[in-house]
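>>> Below is the sequence, then the predicted model.
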Amino acid sequence: MVHIRPIRADDGARLNEAYERLSPESKYRRFLGVKPRLTSSDTRYLVQVDGRDHVALVATPLDDPESIIAVARFIRSEQDSRAAEWAIVVGDPYQQEGLATALLERLARAAAERGITRFKATMLADNGPAHRLVRSLAPGATRERHLGTVDEIEVELAS
């Protein structure tokens, strides 16, 4: 069992610890490249959300609320206020257990409440779990662009 809550400005150290626990493959899939650690600038950016255009949720175990095991976020597009880029990362021991789905569903509801109607994501073309996750959000309502090793996917959110 987990607790899902908005990220807080004081989550920086917990976020760094969670990132350090990720496997190199999970880090690569999240950032689409090698990123051994988060810089202090990365951490500030990731925890300083405004709750409207940049929203992030974290999952923590019920028995250890100080430990972040997953993060999901969206950032509204500056070019199109009805669209947002989203990203999600789940700690390796918690993958394939439905946590990403629960986070993405909550994130989509939060986006819809803020007037966002489309989610966009860039992911590795061979990241099957991420592709299945986004397709589960809106089956049949996705647009994809294949760009070599990465895919850009856009999905209409349920209204």
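Received, thanks.
>>> check which helix or strand covers residue 4.
Assigned by DSSP states H and E, residue 4 falls within strand 2-6.
>>> model confidence over that strand, on average?
Mean pLDDT, computed over strand 2-6, is 96.
>>> With stretch 34-49 instead?
93.
>>> going forward, begin numbering at 38 instead of 1
Sure, I'll start counting at 38 from here, so that last one is stretch 71-86.
>>> how about the CA coordinates for that stretch, as CSV?
Extracted C-alpha coordinates of stretch 71-86, given in CSV (Å, rounded to 0.1, in the frame of the first residue of the first chain):
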residue,chain,number,x,y,z
VAL,A,71,22.8,8.8,-19.1
LYS,A,72,22.2,10.9,-16.0
PRO,A,73,24.1,9.3,-13.0
ARG,A,74,22.7,11.8,-10.5
LEU,A,75,20.5,14.9,-10.1
THR,A,76,22.3,18.2,-9.8
SER,A,77,21.2,20.7,-7.1
SER,A,78,19.6,22.7,-9.9
ASP,A,79,17.7,19.6,-11.2
THR,A,80,16.4,18.9,-7.7
ARG,A,81,15.3,22.5,-7.1
TYR,A,82,13.4,22.5,-10.4
LEU,A,83,11.8,19.2,-9.7
VAL,A,84,10.5,20.1,-6.3
GLN,A,85,9.6,23.7,-6.8
VAL,A,86,6.2,23.3,-8.6
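>>> Right, I'll leave it there.
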